[in-house]
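# Here is my input; please provide its structure:
(one chain, ligands or ions: 1)
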Amino acid sequence: MGQIPLVDYLVLGDEPRLVANECTSCGARYFDRRNACARCGRQEFETVDVSRTGTLRSFTIVHFAAKGVDVPFVAGVVDCAGTIVSGNVVNVPPDPRHVSLGMDVRLTTVPVGTDTAGVMAVGFGFEPVAERE
Ligand SMILES: [Zn+2]
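Prediction:
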């Protein structure tokens with residue numbers, strides 16, 4: 001059975017990772033495709049791996065979402081060694097006793113769904129490093 005990443009900046013494999021487009025002039029990083037750097041205007045980018053571990057900088061516990069989306073869930077913003085990544089905090093109870101600012105998290109993959117051909121779509125999230133239950 002095959003797997004495909006839900007977003008094109010997620011690379012699957014033994015060690016799943018996120019990749020960013022980094023401006024070769026100023027080092028700004030983007031997850032989407034850019035024609036020019038928003039910070040310095042140059043047009044050369046290279047693909048770089050983003051750190052698989054990070055620190056939770058902000059989070060929101062989401063209680064209402066579109067039909068078909070399980071709630072509550074934790075939407076987070078993670079600082080991965082300087083690269084800011086938006087992603088859900090997973091594998092942890094979605095309440096403030098288990099999720100806290102500044103906690104260490106690491107990248108993990110989350111199965112999203114399987115199509116009729118048996119191909120599984122895989123997304124990503126961040127799970128706590130220390131307090132995994
Ligand atoms: Zn730049």
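# Count the neighbours of the residue lying closest to H63 once chain neighbours are set aside for me.
Counting by Cβ to Cβ, 6 or more residues apart in numbering, H63 lies nearest to P72, which is 4.9 Å off, once chain neighbours are set aside. No exception for glycine: its C-beta is placed from N, CA and C like everyone else's. The local packing of P72 (other Cβ atoms under 10 Å) involves 14 other residues.
# Quick check: residues of the chain near the ion?
23, 25-26, 28, 37, 39-40 (Cβ under 5 Å from the ion).
# Helix, strand, or coil at the residue nearest to Q43 when sequence neighbours are not counted?
With Cβ to Cβ, 6+ apart as the criterion, Q43 has its nearest non-adjacent residue at 5.1 Å, and that residue is A36. Under DSSP: H, G, I helix; E, B strand; the rest coil, the three-state class of A36 is coil.
# Quick one: neighbours of V90, just the number.
So V90, with other Cβ under 10 Å, has 19 neighbours.
# which residues touch R34?
21, 45 (Cβ atoms under 8 Å, 6 or more residues apart in numbering).
# Would you mind giving the residues of the chain next to the ion as TSV with pLDDT added?
As requested, those are exported to TSV (pLDDT from 0 to 100):
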residue	pLDDT
C23	97
S25	97
C26	98
A28	96
C37	97
R39	97
C40	98
